[in-house]
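Chemist: Need a 3D model of the following:
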Amino acid sequence: MENPRKGEQAMKVLNLYFTTTGNTTKVADQIAATIAAGGHQVDTIRITANTSVDLLEYDLIFVGSGVYEWLPGKPLRSLFSRLRQNYVARGEIRPGSPLRQGKTGVVYCTYGGGHTGVNEAIPTAKYMGQLLEHLGIPVIAEWYLVGEYHGKLQRFSTTGRLGDISGRPNKEDLRQLAELVQGILKAQLPEINS
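Modeler: Here you go, the predicted structure:
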């Protein structure tokens with residue numbers, strides 16, 4: 001990935017995620033490495049009960065989670081609930097959700113899809129995108145990355161609808177992800193500098 005061209009400003013990027021198994025950490029780490037290699041500032045934050053962040057401080061926001069009963073993990077949902085309440089109180093969420101210039105978002109999730117495939121993950125991505133869109137930050141991509149099952153559910157890694165997903169996300173998944181991130185960065189540079 002090329003660094004921003006002369007005269008172009010590096011973007012300030014947030015990479016916010018939650019995981020319990022480590023699948024989403026692999027994805028978040030690849031996103032962070034690709035962004036940093038592109039010469040941009042990236043803050044990668046794994047969500048905990050004490051996470052505090054202001055989404056509006058960033059030009060580009062990546063939000064990711066594993067899929068837990070068709071939704072993001074509870075710590076991410078709790079954080080988004082607190083943020084929504086805060087943004088409403090500050091007057092940042094307005095009727096019609098007017099677009100904010102120079103700000104965009106990407107949501108991603110890791111999923112096993114043991115019963116109904118990617119359909120299990122779609123509600124997770126849609127949920128994560130709603131806070132961004134309510135703030136007027138358009139979600140320009142939703143990424144669904146296959147991740148193996150762990151622990152008591154590990155058998156679904158070989159018996160579920162997606163076939164054998166052992167070891168995923170794997171090197172090839174992460175290589176393809178890096179290309180997607182590079183494409184997003186290239187597409188956003190003119191937006192940030194306008």
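
Chemist: Could you pull up phi and psi at Tyr17?
Modeler: For Tyr17, the backbone dihedrals (degrees, to the nearest 10) come out as phi -150, psi 160.

Chemist: Report the central residue of the chain.
Modeler: Val63 (2.7 Å; C-alpha atoms, centre = their mean).

Chemist: ok now do that residue, which residues does it touch?
Modeler: 16-17, 76, 105-108, 128-129, 132 (C-beta atoms under 8 Å, 6 or more residues apart in numbering). Glycine gets a C-beta too; all of them are placed from N, C-alpha and C.

Chemist: Could you point out which of these is nearest to Arg168?
Modeler: Tyr108 (14.1 Å; C-beta to C-beta).

Chemist: Quick one: end-to-end distance for stretch 66-79.
Modeler: The first residue of stretch 66-79 is 15 Å away from its last residue (C-alpha to C-alpha, to the nearest Å).

Chemist: Show me what counts as buried in the helix or strand of the chain with the lowest mean pLDDT.
Modeler: Using mean pLDDT, DSSP states H and E, helix 171-192 stands out as the lowest-scoring helix or strand of the chain, at a mean of 89. Going by neighbour count (16 or more other C-beta atoms under 10 Å), the buried part of helix 171-192 is 173-174, 177-178, 180-182, 184-185, 188-189, 192.

Chemist: now swap in stretch 140-158 and tell me
Modeler: For stretch 140-158, the neighbour count (16+ other C-beta under 10 Å) marks 141-149, 156-157 as buried.

Chemist: can you check stretch 14-25 too?
Modeler: Quick answer for stretch 14-25 (16+ other C-beta under 10 Å): 14-19, 21, 23-25.

Chemist: same thing with stretch 100-114?
Modeler: Neighbour counts over stretch 100-114 (16+ other C-beta under 10 Å) mark 103-114 as buried.

Chemist: could I get these as JSON lines with distance to Gly39 and pLDDT?
Modeler: Formatted as JSON lines, the buried residues of stretch 100-114 follow (distance: C-beta to C-beta, whole Å; pLDDT from 0 to 100):
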{"residue": "Lys103", "distance to Gly39": "19", "pLDDT": "97"}
{"residue": "Thr104", "distance to Gly39": "18", "pLDDT": "98"}
{"residue": "Gly105", "distance to Gly39": "20", "pLDDT": "98"}
{"residue": "Val106", "distance to Gly39": "18", "pLDDT": "99"}
{"residue": "Val107", "distance to Gly39": "24", "pLDDT": "99"}
{"residue": "Tyr108", "distance to Gly39": "22", "pLDDT": "99"}
{"residue": "Cys109", "distance to Gly39": "27", "pLDDT": "98"}
{"residue": "Thr110", "distance to Gly39": "27", "pLDDT": "98"}
{"residue": "Tyr111", "distance to Gly39": "31", "pLDDT": "97"}
{"residue": "Gly112", "distance to Gly39": "35", "pLDDT": "96"}
{"residue": "Gly113", "distance to Gly39": "35", "pLDDT": "94"}
{"residue": "Gly114", "distance to Gly39": "40", "pLDDT": "92"}
